[in-house]
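Need the 3D shape of this:
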Amino acid sequence: TICALSGMSTARDVHRYRGIGVGMCLIGESLMRAADPQVAIANLCLDPADYELATSSGGAGGAYTAGTKIVKVCGLTNAEDALVACRAGANLIGVIFAEKSKRCVTAEQAKEVVEAVRAFGERTKAISSLEEGDKAGTSSPLAKLSTSAALLEEATRRPAVVGVFQNQDPDFIAEMVQTCGLDLVQLHGKEGMEACSKTGGAPAIRVVDIETDPDTGKASSAAVEHLVASLTTDPAAILLDTSIKGEKEGGGTGVIFDWSIAEKLQAEGLPVIIAGGLTVENVKDAVGSVRPWGVDVSSGVEASPGRKDHGKVKSFVRGAKEAAIEASKGF
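So this is what the prediction gives:
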């Protein structure tokens, strides 16, 4: 009998190893972090029938505990800065099309970034590794997002470009996907989860604003419940950003939201990317304490709006990856 000794944290992991003939698995971190180890064991779906039931009825199959796998550098406006981020080890390169942003790019600028990133990764077309998740046929949003996260990790071993949009027409988004060659899109407005299926064929990251009280720095106690209830199978990933209570739009605040929200969501089985106020100085704390699936930075590594400080970009990516390795020790 073959026994898998590491890298096992979700029912999907168990199912994947079971499919190649592994007969035993050693589970550590998921149980150590679980409030109720008995429930955590049940959520791993050691019986194949339990896995089929969980993935068809809304469960993700255990908490997300694999740590930080994705580093995104956003707000790029030129190929030079994009290549610095790629060489530093960033997985996702963000170009912003939102008209109100100081970092808004033209189609020509975005295409220049895409061409540079593709050349760096020695590829000639957009990533396609997320298609498996779309064909999985699961009706469970949590299971779909868990699967998509694993596929996105694999697909972005070579960096990919994300186009960021906010309350913009689906036809315009589809046009930019095709014209510029975007790998993914990120929806940052009030479009809703379902809009993630209307992006011209590109997988979509759905941004969810975590409303934060400027005085206490805390979010609503019901934020986790509301977010999980709102999920659909349309997004490929979920990114949490800060919105300030009383302001209309979130994002670009440079303010940290209540990171405990990310921890609680991942305990529910939802891998999340966190953004908002991340810098070279605090990224290690974020990765070490929260262990989010991904981190996203923009203004925190800038020399000026739209121009990156190359030293900060390198330090941020290095800090995130070093902290991820350190946080995984002992589990």
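
if I look at residue 262, how far off is residue 43?
Separation of residue 262 from residue 43 (C-beta to C-beta, to the nearest Å) stands at 19 Å. C-beta here means a position set from N, CA and C on the backbone, and glycine is covered the same way.

Between those two, tell me which one has more neighbours.
Between residue 262 and residue 43, counting by other C-beta atoms under 10 Å, residue 262 is the more crowded of the two (24 against 21).

measure that one to residue 329 for me?
Note on residue 262: its distance to residue 329, by C-beta to C-beta, is 21 Å.

Ok, residue 143 next?
Going from residue 143 to residue 329 by C-beta to C-beta gives 29 Å.

Looking at the two now, which is surrounded by more residues?
Using other C-beta under 10 Å, the more surrounded residue of residue 143 and residue 329 is residue 143, with 26 against 6.

Centroid-nearest residue for this protein?
With distances taken as C-alpha atoms, centre = their mean, residue 273 lies nearest the centre of the chain, 3.8 Å away.

residues in contact with that one?
Contact partners of residue 273, counting by C-beta atoms under 8 Å, 6 or more residues apart in numbering, are 70, 72, 205, 237, 238, 239, 240, 292, 293, 294, 295, 296.

Return the subset of those residues lying in strands.
With DSSP state E as the criterion, strands contain 70, 72, 205, 237, 238, 239, 240, 294, 295, 296 from among the contacts of residue 273.

Most neighbours of all those, which one?
When neighbours are counted by other C-beta under 10 Å, residue 239 leads the ones in strands among the contacts of residue 273 with 29 neighbours.

Not including adjacent chain positions, what is the nearest residue to it?
Once flanking residues are discounted, residue 239 sits nearest to residue 273: 4.2 Å by C-beta to C-beta, 6 or more residues apart in numbering.

so after the helix or strand containing that neighbour, what's the next helix or strand?
When elements are assigned from DSSP states H and E, residue 273 belongs to strand 272-274. Sequence order places helix 283-290 as the next helix or strand after strand 272-274, per DSSP H and E.

about what we covered before: pick the one among the contacts of residue 273 closest to residue 152.
Using C-beta to C-beta, residue 237 is the member of the contacts of residue 273 that sits closest to residue 152, with 6.2 Å.

tell me which residues form a beta bridge with that closest one?
For residue 237, the beta-bridge partners under DSSP bridges are residue 205.

If I follow the layout properly, it ends up in contact with residue 146?
No - applying C-beta atoms under 8 Å as the test, residue 237 and residue 146 come out as separate, 10.4 Å apart.

Poorly predicted segments of the stretch 1-150 of the chain, please.
Residues of the stretch 1-150 of the chain that meet the criterion pLDDT under 70 lie in 5-9, 29-36, 39-40, 53-61, 129-139.

do that again at 80, thanks
Counting by pLDDT under 80, the stretch 1-150 of the chain shows low-confidence ranges at 1-2, 4-13, 15-16, 25-45, 50-62, 128-139.

For it, which segments count as helices?
Under the criterion DSSP state H, counting those that start in this stretch, the stretch 1-150 of the chain contains helices at 11-19, 29-33, 37-43, 48-57, 79-88, 107-121, 131-135, 141-155.

Let me know which of these is tucked in deepest.
Most buried of the helices of the stretch 1-150 of the chain, by mean neighbour count (mean count of other C-beta atoms under 10 Å): helix 141-155, with a mean of 22.

Contacts for the next helix or strand after that helix, please.
Sequence order places strand 160-165 as the next helix or strand after helix 141-155, per DSSP H and E. Outside of strand 160-165, the residues within contact range by C-beta under 8 Å, 6+ apart are 72, 74, 82, 91-98, 101, 110, 113-114, 117, 126-127, 172-173, 176-177, 180-189, 202, 205.

Neighbouring strands of strand 160-165 in the sheet, and parallel or not?
Strand pairing for strand 160-165, using DSSP bridges, gives strand 92-96 (parallel), strand 184-187 (parallel).

ok, back up a step: just the closest of the ones in strands among the contacts of residue 273 to residue 19, please.
Nearest to residue 19 among these: residue 237, at 23.9 Å, using C-beta to C-beta.

now residue 318, nearest residue through space, not along the chain?
residue 88 (6.8 Å).

any idea how far the one you found is from residue 155?
Residue 88 sits 19 Å away from residue 155, going by C-beta to C-beta.

what about residue 241, how many neighbours?
Residues near residue 241, counting by other C-beta under 10 Å, number 21.

Let the chain start at 180 from now.
With 180 as the first residue, the last one maps to residue 420.

Quick check: bridge partners of it?
residue 388.

I'd say it and residue 386 touch.
Yes - the criterion here is C-beta under 8 Å, and residue 420 meets it with residue 386 at 5.5 Å.
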